[in-house]
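In: I would like to see how this sequence folds:
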Amino acid sequence: MIQYSTVVSLDELRDLSSAMFGHRYRLELLAALARVGSDEAICLTPLARGCQVLSSVYYPSLKVLVTAGLVRRMARTRDDRRVLYART
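Out: Now for the predicted structure:
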């Protein structure tokens, strides 16, 4: 019987992301988008803080996903400076 370890370090996750998607941070972004409900969105700032990186590391992957039509940028309100992204 094969046993799988469910504990993976952040570095191991990023190595896997690099091998699978060609970008170290794409898997983190995809996981965050997958975790939110279909009527919810994510903000890159809290995601980046939680993963201890700058939010700019997600921009290349986000651009690819938006261009492919898999993610959309949500409209901002005047009193909310956050930019939210939702899966389509």
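In: what's in contact with whichever strand or helix holds Val66?
Out: For Val66, the element it lies in under DSSP states H and E is helix 59-67. Contacts with helix 59-67, where a contact means C-beta atoms under 8 Å, 6 or more residues apart in numbering, come from Phe21, His23, Tyr25, Arg26, Leu29, Leu30, Leu33, Leu44, Val71, Arg72, Arg73, Tyr85. In this view, the C-beta of every residue, glycine as well, is placed from N, C-alpha and C.
In: in the chain, which spans are helices?
Out: Ranges of helices within the chain are 10-21, 26-35, 44-51, 59-67, based on DSSP state H.
In: Report the rounded mean pLDDT for the second one.
Out: The reference is to helix 26-35. Averaging pLDDT along helix 26-35 yields 94.
In: which residues does the spatially most central residue of the chain contact?
Out: The centroid of the chain falls nearest to Leu29 when counting by C-alpha atoms, centre = their mean (1.1 Å). By C-beta under 8 Å, 6+ apart, the contact set of Leu29 is Leu47, Tyr58, Ser61, Leu62, Leu65.
In: and the last one, how many neighbours does it have?
Out: Per other C-beta atoms under 10 Å, the neighbour tally for Leu65 reads 20.
In: gap between it and Cys43?
Out: Leu65 sits 15 Å away from Cys43, going by C-beta to C-beta, to the nearest Å.
In: got the contacts of Leu29 as JSON lines, with distance to Leu13 columns?
Out: What follows is the contacts of Leu29, written out as JSON lines (distance: C-beta to C-beta, whole Å):
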{"residue": "Leu47", "distance to Leu13": "14"}
{"residue": "Tyr58", "distance to Leu13": "14"}
{"residue": "Ser61", "distance to Leu13": "14"}
{"residue": "Leu62", "distance to Leu13": "18"}
{"residue": "Leu65", "distance to Leu13": "18"}
